[in-house]
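[1] what's the 3D shape of this:
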Amino acid sequence: MTSATVYDLATKDLDPPLAVVDLAAFDANADDLHRRAAGKPIRVVSKSVRCRALLERVLAMPGFEGLMCYSLAEAIWHVEQGTTDDVVVAYPTADHDALRRLAASDKARASITIMVDSPEHLDLVDAALGHGHPEIRVCLELDASWRPVPGIHVGTRRSPIFTAKQASTFARQVVARPGFTLVGVMAYEGQIAGLGDAAGRRVNQLVVGWMQRRSAAELARRRGAAVRAVREVTNLEFVNGGGTGSIESTGADAVVTEIAAGSGLIGPTLFDAYTRFKPRPAALFALPVVRRPTRKIATLYSGGYIASGPTGPSRQPTPYLPTGLKFLGFEGAGEVQSPVTGRAARTLQLGDRVWLRHAKAGELAERFTHYHLVLGDRVERTVPTYRGEHQNFG
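    Okay, here's the model as predicted:
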């Protein structure tokens, strides 16, 4: 029995479009992340999952501790729902309403740490809450990009804090401000964690691999110096780093106490391009065949679930099952129809299903209100995504 037949059988009473999560693949991916972390706890990145039931599932597994959320409102919601009492918000917030909700809740303030990288972030919190507000837990973000020579920046544009001296100066500013407690340091090495080293031509693979090795070595030295400098100012509860693609190098850094990861649970297509690990595809979506414009083409309903990031073919969903299908170059994945071609297209009939994979891990949940959790050839249960719980955090 092929995988397509298994998924078709499991969802035979459901009408597509629909999305499934293969629990065997999800759990195997979680086990692999745990193995790769080599004893260091993994903080689960919520944006890569966006489904409370799946987040609760992985948090119950060995090696996973706490969430890394992308929104303060999202973090408060998880604490209120009882998902966890340990949340780091990975991005600074300008949400005054969420800040007021945070300040008003003893439970939320004890559970949630927000991200800061400048005195202006502290000013914003003071403006939202007024002076004399309760203690707010904060984490200092260190820029983890690689800058081999002046003017060259490899990595995501995040914090302005790059050096140990800058980290120490800002740490002293935080400690001196009433109403704030500095509890952590975070550094996200996107040029390693989020960039596959097996994509493109061989020369590109060699360049990316070389860059990542050099960047990891430089960051280990600089992050170590920055953390030591901050620890001279105040005690730290955690030092967070990494992502699914950099677990090994991040975990090898002695100053890192926990690793962030999430996409490796889902196994989207962008994470096929790594040599260090091979996650199993866990989240799939099915589209029905609604037209046969020619003998060699089958047209699917909907499908234009384009991932964020730099536009291009890598951000399109990918036909997965039956094997041997591809989009037409002229149309791609469309808003209301997506023609596919290939050998398998010749045998597809109206109403048949084509299973696809999204390019990124969490964004599929923004397209569907529910995930059908499949175990073998049956749906174990159906659970709401963030969208299905009427939660939209931007």
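[2] okay, now the unreliable bits of the stretch 151-300 of the chain?
    193-194, 196-205 (pLDDT under 70).
[3] strands along that one, start to end?
    Remark: strands assigned in the stretch 151-300 of the chain by DSSP state E, counting those that start in this stretch are 180-187, 238-241, 258-261, 283-294, 297-301.
[4] give the other helices and strands that the last one contacts.
    Strand 297-301 makes packing contacts with strand 283-294, strand 337-341 when contacts are defined by 3 or more CB pairs under 8 Å, 6 or more residues apart in numbering; DSSP states H and E. Just so you know, the C-beta spots here come from the backbone N, C-alpha and C atoms, and that holds for glycine as well.
[5] so what's Arg52 closest to, chain neighbours aside?
    Nearest residue to Arg52, sequence neighbours excluded (CB to CB, 6 or more residues apart in numbering): Thr83, at 6.0 Å.
[6] tell me the contacts of the one you found?
    By CB atoms under 8 Å, 6 or more residues apart in numbering, the contact list for Thr83 reads 52, 55-56, 59, 67.
[7] name only those of these that count as buried.
    Buried subset of these (neighbour count, 16 or more other CB atoms under 10 Å): 52, 55, 59, 67.
[8] those helices in the stretch 251-394 of the chain, which residues are they?
    Ranges of helices in the stretch 251-394 of the chain, per DSSP state H, counting those that start in this stretch, are 263-266.
[9] before we move on, back to that, from the contacts of Thr83, pick the one nearest Ala110.
    For the contacts of Thr83, the closest approach to Ala110 (CB to CB) belongs to Leu67, at 14.7 Å.
[10] give the contact list for the closest one.
    Listed by CB under 8 Å, 6+ apart, the contact set of Leu67 reads 43-46, 55, 59, 75, 78, 83-84, 86-88.
[11] could you redo the last one with a cut-off of 6 Å?
    Residues near Leu67 by CB atoms under 6 Å, 6 or more residues apart in numbering: 44, 46, 84, 87.
[12] and the residues you listed as CSV, adding secondary structure and pLDDT?
    Formatted as CSV, the contacts of Leu67 follow (DSSP: H, G, I helix; E, B strand; the rest coil; pLDDT from 0 to 100):
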residue, secondary structure, pLDDT
Val44, strand, 98
Ser46, helix, 98
Thr84, coil, 98
Val87, strand, 98
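[13] which of these has the most neighbours?
    In terms of neighbours by other CB atoms under 10 Å, the contacts of Leu67 top out with Ser46 at 28 neighbours.
[14] isn't it right next to Cys69, touching?
    Yes - using CB atoms under 6 Å, Ser46 makes contact with Cys69 at a distance of 4.9 Å.
[15] of all the helices and strands packed on strand 297-301, which lies closest to Arg387?
    Arg387 sits nearest to strand 283-294 of all the helices and strands packed on strand 297-301, at 13.4 Å, using CB to CB.
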